[in-house]
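>>> pasted the sequence and its predicted model underneath.
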Amino acid sequence: MNDRLIDPVIAVVLGTGVGMLLSVFGQKLLNQHYLKTCNDRPNHNLVMTQGFLGDTYYCIHKAYLAPTK
């Protein structure tokens, strides 16, 4: 490979890695926040989804959730 091509490729790979690590860290902070505060909000339910970055929690108003039997 040409040296002129290696530096940008390394920058993209490192930037992607750092961005993903920051996303995981930020999501863990948001998860902790929702786990602590969602029960204090009336008419809200805690919803968990699983995705590429791991488990994600959301505090969603009951009006936007499908009715359960």
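Nice, I can see it.

>>> nearest spatial neighbour of T56, skipping sequence neighbours?
Among residues not flanking T56 along the chain, T49 sits closest, at 5.0 Å (C-beta to C-beta, 6 or more residues apart in numbering). Quick note: C-beta positions are derived from backbone N, CA and C, even for glycine.

>>> in three-state terms, label P42 for me.
coil (DSSP: H, G, I helix; E, B strand; the rest coil).

>>> tell me the contacts of the residue most central in space within the chain?
Compute the mean C-alpha point of the chain, and by C-alpha atoms, centre = their mean the closest residue is Q27, 3.9 Å away. With C-beta atoms under 8 Å, 6 or more residues apart in numbering as the criterion, the residues that contact Q27 are L53, G54, T56.

>>> I'd guessed the residue nearest to T56 sits against I60; true?
No: using C-beta atoms under 8 Å, T49 makes no contact with I60, being 10.7 Å away.

>>> give me the more crowded residue out of those two.
I60 (15 against 9; other C-beta atoms under 10 Å).

>>> the protein: helices as residue ranges?
Assigned by DSSP state H, the helices in the chain fall at 3-37.

>>> show me the shaky parts of it.
1-3, 69 (pLDDT under 70).

>>> straight-line length of stretch 31-44, end to end?
Distance across stretch 31-44, first residue to last, is 15 Å (C-alpha to C-alpha, to the nearest Å).

>>> list the buried residues for that stretch?
For stretch 31-44, the neighbour count (16 or more other C-beta atoms under 10 Å) marks N31, Y34, C38, H44 as buried.

>>> count of neighbours near S23?
With other C-beta under 10 Å as criterion, S23 counts 13.

>>> OK, contacts around the nearest residue to it once chain neighbours are set aside?
Computed as C-beta to C-beta, 6+ apart, the closest residue to S23 that is not its neighbour in sequence is L53, at 5.8 Å. Residues in contact with L53 (C-beta under 8 Å, 6+ apart) are M20, S23, V24, Q27.

>>> nice, that's everything, thank you.
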